[in-house]
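Enquirer: Next input, structure requested:
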Amino acid sequence: MQDHQLYQQILGITAPWYVERVELRLEDGEVHVYLNHEPLADWACPECGSPSCPLYDHDDERRWRHLDTCQYRTVLHAAPPRTRCSAHGVRVVRLPWAEPHSRFTALFERLAIDWLKAASQKAVAEQLGLSWDEVHGIMERAVRRGLARRKAEMIGYLGVDEKSFRKGHKYLTIVNDLARGRVLYVAKDRKQSSLDGFWPTLSEVQRGWIAGVALDMWEPYVQSIKAHLPEAEEKMVFDKFHVAKHLGEAVDKVRRTEHKELHKEGDERLKGTRYDWLKGRDKFDLAEWREFCQLRRSNLKTSRAWALREQAMKLWDFTYPQAARNHFAWWYRWATHSRLQPMIEKAQMLKSHLKNILTYLTHGITNATSESINSKIQWVKYTARGFRNFENFKNAIYFHCGDLDLLPKPT
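Expert: Numbers count the residues shown, from 1 in each chain. Sure thing, here's the model as predicted:
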């Protein structure tokens, strides 16, 4: 079998295309494969698919990096035909081995995409002998392809969360599908306008299908949901874990203040206990738990703050809204008479948002899925050593967390 016939079989080249010649460049460690086509009267229009468009001329010769063969870098060469369509004019035809505007074959991009799912862009670039821009271009095309293929689906529950982008209070707004654990939308900042951009991506039927939205108590998000989602007041659920975070912050403020007071008196009971007051029972071993119990049963202000936090979190254990309201009324009186200013402030905050805290009892959703996605985003950010460009970060989030169909499909 001659070399051009061999490469025609290896590359899967079919009529009307064929391998015209093969050049082995030993000094460069490369194999160059030159492709040509049989003389045809008609080509398919890349815009409308009309199969009866005549050949107009040829574009300049182009090169595509292909999978290595026998450890040699393999490069394809061809002059893409241009066809004249009666509806769309002169257009470059679609090539069976590569997508438009790509410098790589579809098979090579599939390999790069598979590697990028498991490793950093830098590592993939080094292993495949690519520049950072080339790797980023492959990722960007994959995301664009995946978003274009995403079908309009009915989504029951959304999660809206923020993610730190860079130092200096630079944030992203991220909308997640809580059922499938995927990112639906990424926008810059955490303003109302950031979330406003998501709603036009849904049809009126899709918006009406949404049963609930889990979010923190960030007012710009609340206003955006109210402006775009029907019956928003009944559908917003303020996230359990954000409430726990607020209460944990209040406990820690009480602890810091009390520790300073006790330290002046030579009492070091609270030294090194910061995380003990914030972690759950399952995070202690038996000896640690016994030691902590002695603290929480003492007359420390911090132990009272901790008890207030624990009782507040029991709101999510109720089944009936009225029973939960009764519990909150009892807890609120206790908190506001505790003489612990951080707890008083958080109690007042929770009271003003109680309606949409208790919607949890109807929908049973939290942003736990969003936090899981955030952990993955943090991994993406860490492996890339941070992102200076918002668009690059957004593409990386969609690539790793969007559950998109990323792979090119040869025509």
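Enquirer: I figured Leu178 hits Asp161, correct?
Expert: No - the criterion here is C-beta atoms under 8 Å, and Leu178 misses it with Asp161 at 10.7 Å. For glycine as for every other residue, the C-beta is placed from the backbone atoms N, C-alpha and C.
Enquirer: Quickly list what's touching both of these two.
Expert: Contact criterion C-beta atoms under 8 Å, 6 or more residues apart in numbering; residues shared by Leu178 and Asp161: 367, 370.
Enquirer: distance of Gln127 from Ala211?
Expert: Distance of Gln127 to Ala211, given as C-beta to C-beta, to the nearest Å: 45 Å.
Enquirer: right, I mislabeled it, should have said Val186
Expert: 23 Å.
Enquirer: So for the two, which sits in the more crowded spot?
Expert: Val186 (24 against 15; other C-beta atoms under 10 Å).
Enquirer: Just the element for the residue lying closest to the more buried one once chain neighbours are set aside, please.
Expert: Leaving out its chain neighbours, the residue that sits closest to Val186 by C-beta to C-beta, 6 or more residues apart in numbering is Lys394, at 4.6 Å. Counting by DSSP states H and E, the element that carries Lys394 is helix 390-401.
Enquirer: cool, Ala244 as well?
Expert: Element membership for Ala244 (DSSP H and E) is helix 240-264.
Enquirer: who does the very next helix or strand once past that helix touch, helix- and strand-wise?
Expert: Later in the chain than helix 240-264, the nearest helix or strand by DSSP H and E is helix 286-296. Judged by 3 or more C-beta pairs under 8 Å, 6 or more residues apart in numbering; DSSP states H and E, helix 286-296 is in contact with helix 301-312.
Enquirer: and the helix it packs on, what does it pack onto?
Expert: On a contact count with 3+ C-beta pairs under 8 Å, 6+ apart, helix 301-312 meets helix 240-264, helix 286-296, helix 321-336, helix 341-352.
Enquirer: hmm, 6 Å instead?
Expert: Here helix 301-312 touches helix 240-264, helix 321-336, going by 3 or more C-beta pairs under 6 Å, 6 or more residues apart in numbering; DSSP states H and E.
Enquirer: Looking at the ones you listed, which one is packed in the most?
Expert: helix 240-264 (a mean of 17; mean count of other C-beta atoms under 10 Å).
Enquirer: contact partners of it?
Expert: Defining contact as C-beta atoms under 6 Å, 6 or more residues apart in numbering, one finds that helix 240-264 is touched by 216, 270, 277-278, 301-302, 305-306, 309, 312, 316, 340, 342-343, 346, 366.
Enquirer: same thing with stretch 143-153?
Expert: Outside stretch 143-153, the residues touching it (C-beta under 6 Å, 6+ apart) are 395, 398-399, 404-406.
Enquirer: What segments of the stretch 51-200 of the chain are strands?
Expert: Along the stretch 51-200 of the chain, counting by DSSP state E, counting those that start in this stretch, strands occupy 53-58, 62-69, 72-78, 81-85, 89-92, 157-166, 170-177, 182-188.
Enquirer: For Glu30, find the nearest of those strands.
Expert: Relative to Glu30, the nearest member of the strands of the stretch 51-200 of the chain by C-beta to C-beta is strand 72-78, separated by 4.6 Å.
Enquirer: ok, and what's touching the helix holding Lys394?
Expert: Under C-beta under 6 Å, 6+ apart, the answer for helix 390-401 is 139-140, 143, 183, 186, 188, 373, 376-377, 380, 387.
Enquirer: among these, which are in helices?
Expert: Judged by DSSP state H, the subset of the contacts of helix 390-401 located in helices is 139-140, 143, 373, 376-377, 380.
Enquirer: Need those in TSV (columns: neighbour count and distance to Lys122).
Expert: Formatted as TSV, the ones in helices among the contacts of helix 390-401 follow (neighbours: other C-beta atoms under 10 Å; distance: C-beta to C-beta, whole Å):
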residue	neighbour count	distance to Lys122
Met139	23	12
Glu140	16	16
Val143	20	18
Ile373	25	23
Lys376	14	18
Ile377	23	18
Val380	17	13
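Enquirer: which of the contacts of helix 240-264 lies closest to Leu6?
Expert: Distance to Leu6 across those (C-beta to C-beta) is lowest for Thr366, with 58.4 Å.
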